[in-house]
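Trainee: mind folding the following:
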Amino acid sequence: MATVSPYPPHPGHPAGGVPGHGPRVRWWQRNWVRYGALITLLTLSGLVILALVRQQTGTEGFLVGLGLAVLPVPLLVAAFRWLDRVDPGPWRNLLFSFAWGACAAALIAIVANSFATRWIATTTADPTSADTLGATVIAPIVEESAKAAAVLLVFLFRRRDFTGIVDGVVIAGVTATGFAFTENILYLGTAFGTDQLTGDRGFTSVTAATFFVRIVMSPFAHPLFTVLTGIGFGIAALSPDRHHVRRVLVPLTGLLLAMGMHAVWNGSSTFGQYGFFEVYGAFMVPAFGLLTWLAVWTRQRELRTVREELPAYVYAGWLTPAEPFVLGSMKARRLAREYAGHHLGRPAARSVAQYEAYATSLAFLRHRAARGRAGADFALRERELLHELWQRREVARPALEYAARRTAPPVAVVVPPWPPVYGSYGTSLYNPYRS
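Mentor: The predicted structure is shown next:
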């Protein structure tokens, strides 16, 4: 067994490292520069898209569109956040994704779609065909590519937070929710302006029809398309680094499927009087149901991974025997947080939630290592997670034990001697705190 320190190094510094003596970081590599550039880009995109939409809808139409378009946003974001509850990613990733979809992707789509449609109309001298071609071909390619850029950026620069299919679904879905939000403001605001000119009111107005189609019937349309891209990136995240071709082709395939589904949806109006309803019933609803089932099944699989991987740390003394079961059950995790909040206050409930999140990340890290998909920083990352768990054990363990008593089946917990995984404390079963 390798010799280790009786206590792990502080998670902020690698073992043996000296603060301030690492490789020199150039100014453009500093976090504040990158964050500043990203915030500036999104802010400028937001201001430009705001001006463009307001120009097309008018101030009154913009306000009406904004009030109606915001209605499905909390429900969609909450649904994706619920899906991500097993191993929740940081809010900053979701905020970036929504902002990218609502600002940058929407701006790219408006500019590129308008330019392409005008160019086709000028070239062919057929505005009607140009509009149809723009909606069924140009728009799906431009819009899905613009939304996919957000997923790609998170995949490349927040790799630690992007570990599987659920992460891809959540990032893609929130990005598309932001995009649909801006697009709905434009469509609803324009419809309201049309009603102002024609004098239509109530259920027979263009605004009511647009609201019914876009907000009531198909608020999930854009998220459904882009989720296919997210699934592709999620599969790529699960693939070993050496499989370079798969890690490129699978996300590209997901993007092409998203474009194809988007094209079919946009082209439904050209399929006859009832084309929209036929595509909606025969294509969109089944696809939505299938992808929903896939997302929920993947979430259950993640919980099973937690229950299967954490017993190794029970054997080493990091966790109590009941914890793998509690941490692998969403009901038990909720009971633990509620118990801590009721008896010890909100800070304790937050500590328990953090304990659950770190333990889940630890299980996924070990799962990837066992399959040869862990990165070179596996040992350091494992030490960081174990250190965070140990710091919160005094608050979390009573709550987890209570949840176990409320939910665990009345059977003895047997912990087998799990085999070691490379790179962690000499062996994966070593616990310096217990020495």
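
Trainee: tell me where the stretch 51-200 of the chain has strands.
Mentor: In the stretch 51-200 of the chain, no strands are defined using DSSP state E, counting those that start in this stretch.

Trainee: my read: residue 142 touches residue 110, true?
Mentor: No - in this structure residue 142 lies outside contact range of residue 110 using C-beta atoms under 8 Å: 9.5 Å. (C-beta placed from N, C-alpha, C; glycine too.)

Trainee: give me phi/psi at residue 158?
Mentor: Torsion angles at residue 158 (phi, psi; degrees, to the nearest 10) stand at phi -130, psi 50.

Trainee: got it, and residue 163?
Mentor: Main-chain dihedrals, residue 163, degrees, to the nearest 10: phi -120, psi -10.

Trainee: burial measure for it, as a count.
Mentor: 21 (other C-beta atoms under 10 Å).

Trainee: please apply the same query to the one 10 residues further on.
Mentor: Applying the criterion other C-beta under 10 Å, we find 30 residues in the vicinity of residue 173.

Trainee: residue 340 versus that one, what's the distance?
Mentor: Separation of residue 173 from residue 340 (C-beta to C-beta, to the nearest Å): 30 Å.

Trainee: what sits closest to residue 75 if chain neighbours are left out?
Mentor: Spatially, and ignoring its direct neighbours in sequence, residue 75 is nearest to residue 219 (7.6 Å; C-beta to C-beta, 6 or more residues apart in numbering).

Trainee: and for the one you found, the neighbour number?
Mentor: When neighbours are counted by other C-beta under 10 Å, residue 219 comes out with 20.

Trainee: return the distance of it relative to residue 384.
Mentor: Separation of residue 219 from residue 384 (C-beta to C-beta): 39 Å.

Trainee: can you check residue 39 too?
Mentor: Note on residue 39: its distance to residue 384, by C-beta to C-beta, is 27 Å.

Trainee: just want to know which of these two has more residues nearby.
Mentor: Applying other C-beta under 10 Å to residue 39 and residue 384 shows that residue 384 carries more neighbours, namely 20 against 12.

Trainee: which of the helices or strands spans the more buried one?
Mentor: Element membership of residue 384, judged by DSSP states H and E, is helix 378-407.

Trainee: packing partners of that helix?
Mentor: If you count contacts as 3 or more C-beta pairs under 8 Å, 6 or more residues apart in numbering; DSSP states H and E, helix 378-407 packs onto helix 323-327, helix 330-344, helix 346-370.

Trainee: what's the most buried one of the ones you listed?
Mentor: Counting by mean count of other C-beta atoms under 10 Å, helix 323-327 has the highest mean neighbour count of the helices and strands packed on helix 378-407, with a mean of 26.

Trainee: which residues does that helix contact?
Mentor: 306-307, 310-311, 314, 332-333, 336, 356, 359-360, 363, 397, 400, 403-404, 407-408, 413 (C-beta atoms under 8 Å, 6 or more residues apart in numbering).

Trainee: report the mean per-residue pLDDT for that helix.
Mentor: In this model, helix 323-327 has an average pLDDT of 91.
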